[in-house]
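Enquirer: Sequence first, predicted model second:
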Amino acid sequence: MSVDLNETVGSAAGKVWTFLSENGQASATKLAESTGLDRNDVQRAIGWLAREGKLTVELKGKNEFFSLVRG
């Protein structure tokens with residue numbers, strides 16, 4: 001089965017961006033639970049948004065929390 005990664009990952013990135021925009025900082029687990037995306041799609045979306053310079057990551061203990069770059 002062939003998958004259009006640009007479409008799949010782009011759509012996931014849009015869901016993650018929307019969630020973070022509306023709710024603020026979240027972990028990858030929270031993003032997966034809240035958006036209905038599987039963990040792999042959340043990780044791909046995080047990579048997409050990070051590559052575009054739209055995410056910041058904050059380490060709290062062993063957990064990473066993602067938020068949108070402001071400004």
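Expert: Received it, and whenever you're ready, just let me know what you need.
Enquirer: buried set for stretch 13-32?
Expert: Neighbour-count burial for stretch 13-32 flags Ala13, Lys15, Val16, Trp17, Phe19, Leu20, Ala26, Ala28, Lys30, Leu31, Ala32 (criterion: 16 or more other CB atoms under 10 Å). Yep, even glycine has a C-beta here, placed from its N, CA and C like the rest.
Enquirer: Same question for stretch 30-41.
Expert: Neighbour-count burial for stretch 30-41 flags Lys30, Leu31, Ala32, Ser34, Thr35, Leu37, Asp41 (criterion: 16+ other CB under 10 Å).
Enquirer: I'd like to know which elements the helix or strand harbouring the second one is packed against.
Expert: Using DSSP states H and E, Leu31 sits in helix 28-35. On a contact count with 3 or more CB pairs under 8 Å, 6 or more residues apart in numbering; DSSP states H and E, helix 28-35 meets helix 5-23, helix 39-51, strand 63-68.
Enquirer: Let's have those in TSV, adding mean pLDDT and distance to Val57.
Expert: Formatted as TSV, these follow (pLDDT from 0 to 100; distance: least, CB to CB, whole Å):
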stretch	mean pLDDT	distance to Val57
helix 5-23	95	12
helix 39-51	97	8
strand 63-68	98	5
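Enquirer: Tell me if Val57 really is in a strand.
Expert: Yes: counting by DSSP: H, G, I helix; E, B strand; the rest coil, Val57 is found in a strand.
Enquirer: how close does the residue lying closest to Asn23 once chain neighbours are set aside sit to Arg51?
Expert: Sequence neighbours aside, Ser34 is the residue nearest to Asn23 in space, at 7.4 Å (criterion: CB to CB, 6 or more residues apart in numbering). According to CB to CB, to the nearest Å, Ser34 stands 22 Å off from Arg51.
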